[in-house]
Each structure stands twice: as C-alpha cells, then as structure tokens.
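**Student:** any chance you could fold what I've pasted below:
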Amino acid sequence: MRVMPAAPSRAPSARRAWSIRSTQSRWGRVRGLAARTWAGHRLFLIVLTPAVLLRVDAEFGYRWQAWFNDSFEYVQNTVHFQLDPTRVSGYSMWLKVLQPFHTYAVVTILQHLMGLAVGVMVYALARHRFRAPAWLATLAAVPGLYDGFGIQLEHLIMADVPFLFLLMLAVTLLLWDPVPSLRRCVLVGALLGVAEIMRAVGLPLLAVFAVYMIIRRISWRKVAATVVVCLVPVFGYAGLFDLEHGSFAMSSATGVFLYSRVMTFAECPKMSVPANELWLCTTVPPDQRPIAQAYIWTSTRDTPLDRFPPSKFSPVPNQMAEDFAIRAIEAQPLDYARAVFDDTWRVFGWKRVVFPNAATYDEYIFGYRSLPIPSWDKASLGRYDSYAAAYVHGNPLTQVVAPFANVLRLYEHHVYLPGTVYGLILLAGLAGMALAWRRVGGEALLPWTVSFGLVLIPAATAEFDYRYVLVAVPFACLAAVMAFAPGSAAGDLVRRLAAGLAGRGQRDGGVSYVADPAAAASGAGDDERDLASDGA
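**Tutor:** Just a heads-up that it's a prediction; the model follows:
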C-alpha cells in the first residue's frame, strides 16, 4: 500500500509572504512620504513643475548645449587634459569625468538639475530653518527657477552653474542648524575648496564664511577645520599648476586681469613706474580708452601687453602686470574706486544693454543657429577637426529645433529679473539686517554678503559681466527672506505694524451693537460685532 505524498500548500511561504509584506510596506512608506510632501509643500511643487518643463524644452530645442567663447577653451583643456593658464580648470576636470558619455546632453542635463536644486535649497532652508511662510519661501526661489537668462546659463558649457550649486550647498549646510557640527563644517570647507577651482572668485568668499562663523561665535576648531579643508584642494591644484606652468598659483592671469581693470584710468605720469614696467604704459587719454577687457583679448599695437613676447599669460608678464596695477591703485585710489563703482552700478540697471559688445551679448541669448566653432579650436584629431567634436565623437554644433526653440527665445526675451529688482532685493535684506544690528545682521549676513561679493569682486578685479549677476541673485533672495523671517527683528516689526493696522481698522470701521440695555447699564454682557463689512 502506497501513501500519496501530501499536496503542497497553496498558502505563500514565509519568505514569500515576508517579501510581499515588505514590498507593500515600502510602497506604503513612499505613498505616505509623497502625501506628506504634497500636503506640506503643495505651492512650491506647483511652482516647480513649469520650471522643470522649461528646462526640458531647452534640451529639446537646443540639442544638446549652447556655446560661449570660453566654452571651447574648457573643452580643449578637457581633451588635452591640461590646466589653463588663464582661468582655473576645475570645470574641465568635471567635463573629463563626463567625457566617456561622449555627449553634451549629460553635461547640460546635470546643470539644469543643479539650477533646480538651487531653488529647492533656497525654499527648504527658508522653511526648515527660518520658518518662513510657504508663499514667501516659494517666492524667494522663483527668480532662480524662472529667469530666462538663468536657464540659458544652465545650458551653456560653462563653470558658473556648478559653481553656484556648490556655493549654495555650502551655505545651506552651514545654516541648516543653529550650531553646525564639526563634520558639517568640514564638508562646507570641502565644498568651498572645490568651488574655488571652479571659479577663482570662490577663494575670497572663504574669508566671508570664516568671518561669519567668527561673528556667530562658532568654535575656533570648526572655523579652522573649514579653512584648512578648503585650502587642501586649492593647494593641491596650485601644486599641479606649478608642475605644469612653473608657478605655484591658481592661474597666470590674476595680474593680467587686474592690469586690465586699472587701464581704464591709469596714467603713468601720476605713478612711480620703474623702468622695466614702462612698456605697460599707454599715451591714450583715459576718456578715449576702450573697455577693460580690450586690454586682454583685443590684439592691437595699442595694447601694451601684446608688446611682450607670447604669452602674456605666463609668470613674468603676469607678475609685472600685477605690480603695475597695484602702483596704479595706490597712486589713483579715487579713480580706482570710481571704476569699481561704475561697473558695480551696471548690475542694477532696469534694462539689459549690449555689453561688452554685440557678439558677447548675443552668446547669452537663445539664438536661431549654433555658434560656429572658432578657428583656434580647430585641430587634426583623427576623424575630428576640432576639440569640441573630439569630445563628443561627432558633430559639436547646437541643433536648433522648432517649435521648442521658438518658445525659449520668446520666453527669454520677456521673462527675466531686471537688475533694479535685484537691487531692491538686496536693499530689503540690508534693511532687515540693519534692524538686527545687535546681532550684526543675524544669519542673513552670510548669504547677503556672498551675493554682494559675487558682483563686487569681479568689478574690482576685472570687469562686469551679466552672468555674474545670475549667480548672485539666489543668495540675495535667501537673505531677504531670512532677514524678515519669524523671530527676526525685521519680521517682528512687520508683524507688529500689520497687527496695529488691523486693530486700528477694526476700531475705526467697527460698530458696537448692544444686545441688552440692562446688561449694558450693568457693564456686563457686551456683544460687539463688526458690522462694517466693507470698511475694515
């Protein structure tokens, strides 16, 4: 007699049941998180969605990048993998990491995501740390999310957007809690160090962070950790630059750029110029001279730096140009201050004007066709005739595709933040900090100073450029929200004024209705109702 084996159970095994419950639990947590996010941040998510779609439109309309003159130098240094003597090459290192994809789409998509992340950080910091209302925190993120020129900057092969992302991330981490931890300060220092090798303006901002931390009485160990960690990538880059160019520096152009700054006003008869620097003088009267950058990039017999054997971006002419520029500033401090003021004042103009020239201005606009590959980028690299083509192993020209491109061109023409509005945002933040003078401006001091420094430092060391303003705007918006956040001096003042006006309106517009004369005579049972529905 054979016994049939028992039929296998149709009930799920313990492992399978656990897997099902785990999957359901995981999806439940995701749905719960999504529901809470939507409930708590509905307004911001609604505002964020069109900003995402605009960037998608940029990718489809201008496939897959937009070009600026400097873009080709970044790509050339990436293909050669060498450090540029004219500017720091951290962005070229970043492009080298992405080069195996052989497409500029990866670069610009990441930059668009960075631009969106900056808006998210402004909103999140305003809401989490400073308890700003949802509408105010969302409003602070709008200029960065919707500026048409900002979207175009994200689509350029340029270092500005990664620099902005790193700098905003450093500010967010430092301000996220009232007292940052040592580990967080180390991370802030690392971000600042990487930002410095993206754009040279990052190193002066290290002093802004350090002074802010001292004012906020953050422990000296945390301040020292931030500074030391920041300087690690800076010194490492300077060491590599020394091996390649023979100078322990970030570039061989700081003196050249400062020289171009002073050449708009410098007059050698007013200076004490040694004989070996006389070749840097010019006899052209100051009121007949070109703009500052012409003394670097425009090669003519009237440009003194071109009298030196190539290249002007080498240690000897760079040092001589720097010495000359310092002498000019010391001899003519008021003229230097006027030059810096004039270039800084350009930031706050209501309308954008064609500056520094039509060709450069057009490169900041979504155009009808691709910028051509310049002759100096041409090279014989196997099957490719330019460095830009060698990077992608194909055609490097921008493919302009309608109707997506048409939308972006029209949008950029009408939707951008005027410089005057940026100035008003800066003034709002400054007014709020002035009311918090007992706390040296409060925590808004950090983003406000960063924002103003980003437009002042280029004006003081080189020349104004519109793209520098775009990077500065998110920090000014954040500072203004922080200065008027609940619990701040300015925020409390505004709320007291609003409450006072509301109370006065009720007293002036309200009518007392006595329900019971007897109760009124006894002083009890008063029932006051506001019957002036259109008066308060």
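
**Student:** which helices and strands sit right next to the stretch of helix or strand residue 210 belongs to?
**Tutor:** When secondary structure is defined by DSSP states H and E, residue 210 falls within helix 202-215. In terms of contacts (3 or more C-beta pairs under 8 Å, 6 or more residues apart in numbering; DSSP states H and E), helix 202-215 is packed against helix 160-175, helix 182-196, helix 220-245, helix 445-461. Glycine gets a C-beta too; all of them are placed from N, C-alpha and C.

**Student:** pipe those into CSV and attach mean neighbour count and distance to residue 102 per row.
**Tutor:** Shown next, in CSV, are these (neighbours: other C-beta atoms under 10 Å; distance: least, C-beta to C-beta, whole Å):
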stretch, mean neighbour count, distance to residue 102
helix 160-175, 24, 20
helix 182-196, 22, 24
helix 220-245, 16, 26
helix 445-461, 23, 33
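
**Student:** for residue 144, which of these is the nearest?
**Tutor:** If you check each of those against residue 144 by C-beta to C-beta, helix 160-175 wins as the nearest, at 8.7 Å.

**Student:** re earlier: out of the helices and strands packed on helix 202-215, nearest to residue 71?
**Tutor:** Relative to residue 71, the nearest member of those by C-beta to C-beta is helix 160-175, separated by 11.2 Å.

**Student:** between that closest one and helix 445-461, how big is the angle?
**Tutor:** For helix 160-175 and helix 445-461, the angle between their directions (axes from the mean of the first three to the mean of the last three C-alpha atoms, to 10 degrees) works out to 150 degrees.

**Student:** dump helix 160-175 to CSV, keeping only the CA atoms.
**Tutor:** Written as CSV, here are the backbone C-alpha positions of helix 160-175 (Å, rounded to 0.1, in the frame of the first residue of the first chain):
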residue,chain,number,x,y,z
ASP,A,160,29.0,79.2,-13.5
VAL,A,161,26.2,76.8,-12.6
PRO,A,162,28.3,74.1,-10.9
PHE,A,163,30.0,76.9,-9.0
LEU,A,164,26.6,78.3,-7.9
PHE,A,165,25.4,74.8,-6.9
LEU,A,166,28.5,74.1,-4.7
LEU,A,167,28.3,77.5,-3.1
MET,A,168,24.6,77.3,-2.3
LEU,A,169,25.1,73.8,-0.9
ALA,A,170,27.8,75.2,1.4
VAL,A,171,25.6,78.0,2.6
THR,A,172,22.7,75.6,3.1
LEU,A,173,24.7,73.1,5.2
LEU,A,174,26.2,75.8,7.3
LEU,A,175,22.8,77.4,8.1
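
**Student:** pLDDT on it, on average?
**Tutor:** Helix 160-175 carries an average pLDDT of 98.

**Student:** which secondary structure elements does that helix sit against?
**Tutor:** Secondary-structure packing of helix 160-175 (3+ C-beta pairs under 8 Å, 6+ apart): helix 104-128, helix 148-155, helix 182-196, helix 202-215, helix 445-461, helix 466-483.

**Student:** can I get those in TSV with distance to residue 496?
**Tutor:** Formatted as TSV, the helices and strands packed on helix 160-175 follow (distance: least, C-beta to C-beta, whole Å):
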stretch	distance to residue 496
helix 104-128	21
helix 148-155	36
helix 182-196	35
helix 202-215	27
helix 445-461	23
helix 466-483	16
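
**Student:** how about the helices in the stretch 351-500 of the chain?
**Tutor:** Secondary structure of the stretch 351-500 of the chain (DSSP state H, counting those that start in this stretch): helices at 358-362, 387-392, 404-414, 419-435, 445-461, 466-483, 489-509.

**Student:** same check on the stretch 1-150 of the chain?
**Tutor:** With DSSP H, counting those that start in this stretch as the criterion, the stretch 1-150 of the chain has helices spanning 14-40, 42-61, 69-80, 90-98, 104-128, 134-146, 148-155.

**Student:** then the stretch 201-350 of the chain?
**Tutor:** Under the criterion DSSP H, counting those that start in this stretch, the stretch 201-350 of the chain carries helices at the ranges 202-215, 220-245, 254-262, 294-297, 315-331, 333-345.

**Student:** what residues sit buried inside the fourth one?
**Tutor:** For helix 294-297, the neighbour count (16 or more other C-beta atoms under 10 Å) marks 294-296 as buried.

**Student:** chain center to that helix: distance?
**Tutor:** A distance of 26 Å separates the C-alpha centroid of helix 294-297 from that of its chain, computed with C-alpha atoms, centre = their mean, to the nearest Å.

**Student:** going forward, the N-terminal residue is numbered 57.
**Tutor:** Renumbered: residue one is now 57, and that last one reads helix 350-353.

**Student:** what lies in contact with that helix?
**Tutor:** When contacts are taken as C-beta atoms under 8 Å, 6 or more residues apart in numbering, the neighbours of helix 350-353 outside the stretch itself are 312-313, 315-316, 319, 359-361, 368.

**Student:** cool, stretch 197-204 as well?
**Tutor:** Outside stretch 197-204, the residues within contact range by C-beta under 8 Å, 6+ apart are 100, 103-104, 106-107, 110, 171-172, 174-176, 178-179, 206, 422, 464, 467-473, 478, 481, 526, 529-530, 533.

**Student:** now a PyMOL select for only the buried ones of those.
**Tutor:** A single PyMOL command suffices to select whichever of these are buried according to 16+ other C-beta under 10 Å:
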select buried, resi 100+103+104+107+110+171+172+174+175+176+178+179+206+422+464+467+468+472+473+478+481+526+529+530+533
